[in-house]
Every structure is written in structure tokens, then in C-alpha cells.
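In: Requesting a structural model of the entry that follows:
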Amino acid sequence: MRIFSKMLWDSAEVEVSPVALLEKSIFKNFAPENVLKDLNESDTAICRAYLRVCQSASGEASDLERESKETPNPYALANKCNISLAKLSKCSLLCASLWFIYFSHFAVHLLKEGNQLKYDCLESFLEAYDQRFLDPMHYDEKEQQSLYLMAVLSGIFLRFIPPKGSKHLYMKVLPALIEGWDAKYVCGSGQSRATADRVLIYETEGAVKPLRRNDAIREEAQITAEVADRQELPSVPGVSRHHYKRKRSSSPVETIPAQENSTCDFPDDLYHYEFNDSFWDEIDTHALTKATY
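Out: Reported below is the predicted structural model:
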């Protein structure tokens, strides 16, 4: 009896590996019908084709020893369906759906075939983030585990997708794998604490420098000033230094003197006019003399 009690105590102290936790979460949350319900007809057909290819490749990979064959590349699998993953908008629902399907089938394989995990336990993750996620008012065991698994998954996600410009895709696919397809975290002003925590993990794991609104405005103004300096026009009387604005010239307008005698020839059946100095004087006094043939 004592031996049995000791075995139970020892097993309770054994921490479940992140790979096992992810495998359980992905198996629980993978529901193709939920992924396809919000897509249009053409995108649904694309996802179904990609799903069949991933299922077939996953079955082949499971039948072989992991050391003997690498996990299929997502871009190569997409090419079999005439899909270019690289050209899809990262903000599109179709792109998120395809990556969700791929990682649902191969995330565990990728983690098993990789080297030592960056965070092999929850404690190492919490320590790396300076014990940020310890407040019991905001971080219960489930939330800590979700954040931990996001950090673990980031390694394989960022292996295939460059981090820059991928925040929207990251914030859709990874929570969907861990919490379910309907998990939503909307970034922007007024975002929740849970969203901010996941954005922090994205920025940390992807080494992405956050660009705040004030920094963006300041950077844009600096770039505009530099461009204006390079394109600045030479000093010309009557022209503003700014290439978008002009000001009235204070210098007298240069006029071209009229010829003393100018003649305009018309067809024979029309009047013939002679314009000379006296003609222009008469115009100024509103007196017009009829011309003769």
C-alpha cells in the first residue's frame, strides 16, 4: 500500500511534456467543418483539396519512422493543389484556414523531429518572461498553459512564415490550435490583456520591434522631411521652396513688346484687318474703326 501511494505521488509530480499537451489540444480542437463554415464556395473547395493532401501525407508520415523521413513541406503540399501559399494575403481567412489545417496535422511531428525545445517546461517559460504571467487575478492555470503552448508553437510557425507582417495570421492560427477555431484576439487600441499578452509573445519569439502609433507618426514625418530635402527645387523668383506650393511673385511681370505692325490674312470674302499702334490706342479707349477691304 505504501509503495502504491508513493507511485501515485511520484506520478503527480511528473509534468506533462509540451508536445503531449499540444497533441491533446490539437486533437480536441481540429474540426474541419468549423474551418469551412465561413469560407465561400471556391475557398471551401481549395481547403478541402488541401485537407485531403495533408491527410494523405500525414498517414504516410505516421507509417514511417520519424528519423527516416522529414515532415512534408507546407508549400510543396499546397503546390499539389495548385495553391501558392506564399502569394496569399496573410490577412485572408483562406490563408489562416490552410495553415491551421497544416499545423493540425504536422505540428506534433515538427516538434518531435526538432532539437531541444526552447521552453521544455512551464517554469522555464515563466522565467524567460520575467514572471509576468503569475498574477492569479489574471492568470489561472489554463491561461498560463495557453500562453506557454503559444510560445512553444511559435518555433515551428516562424520556421515557415517570416514574423514581419504576420501578426494577424499568428494571432488567428496559434490560438485556434490551442483553444479552438472560434478563439478571437483582436489587436489594436483598447485590446484586452489576453490579446496584449499574446502580442507580446509574438514580438518576443519573432524578434519583432513593436511600432507604436506615436513612433510611426514621428517616423513618417522624418521620412517626409528627408524626401522633401532631396527633391527641393533650386531658388527661383516667384516659386516657393516647397515643391507642392507656389507663392505670388513680387517681381514685375516681364512683358513681350508688341510688333509695330501686324497683319492677319483672311480669305478674300472676309474682312482684312491691319493692327498698328493707333489700333491699340483705339482699343484702350473703346473706339473700334471698321477696317476696309
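
In: where does residue 58 fall, helix, sheet strand or coil?
Out: helix (DSSP: H, G, I helix; E, B strand; the rest coil).

In: ignore the last one, residue 97
Out: Classified using three-state DSSP, residue 97 is helix.

In: I figured it hits residue 40, correct?
Out: No. The pair residue 97 / residue 40 is not scored as a contact, 11.5 Å apart, by C-beta atoms under 8 Å. All C-beta atoms are positioned from the backbone trio N, CA, C, and that covers glycine.

In: With neighbour numbers in mind, choose between those two.
Out: residue 97 (26 against 10; other C-beta atoms under 10 Å).

In: residues touching the more buried one, list them.
Out: If you count contacts by C-beta atoms under 8 Å, 6 or more residues apart in numbering, residue 97 has them with 35-36, 39, 43, 47.

In: In helices, which of the residues you listed fall?
Out: Members of the contacts of residue 97 lying in helices (criterion: DSSP state H): 35-36, 43, 47.

In: Just the buried residues out of those, in ChimeraX syntax.
Out: Command for ChimeraX, covering only those of the ones in helices among the contacts of residue 97 found buried under the criterion 16 or more other C-beta atoms under 10 Å:
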select :35,36,43,47
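
In: Show me which pair in the ones in helices among the contacts of residue 97 is furthest apart.
Out: 35 and 43 (10.4 Å; C-beta to C-beta).

In: Between the contacts of residue 97, which sits nearest residue 180?
Out: residue 35 (10.8 Å).

In: now that closest one: how far from residue 192?
Out: 24 Å (C-beta to C-beta, to the nearest Å).

In: Report the secondary structure state of residue 119.
Out: coil.

In: correction: residue 163
Out: Residue 163 ends up coil, using three-state DSSP.

In: give me the number of residues near it?
Out: 16.

In: Same check on residue 107?
Out: Using other C-beta under 10 Å: residue 107 sits among 22 other residues.

In: same deal with residue 102?
Out: Using other C-beta under 10 Å: residue 102 sits among 27 other residues.

In: so which helix or strand takes in it?
Out: helix 93-113 (DSSP states H and E).

In: how about that helix: buried residues?
Out: Buried, per 16+ other C-beta under 10 Å, within helix 93-113: 94-111.

In: now that helix: mean pLDDT?
Out: On average, the pLDDT along helix 93-113 is 94.

In: where does this protein dip in pLDDT?
Out: 1-15, 60-69, 114-115, 211-221, 223, 225-293 (pLDDT under 70).

In: Spell out which residues make up each domain of it.
Out: 17-205, 260-293 (automatic domain parsing).
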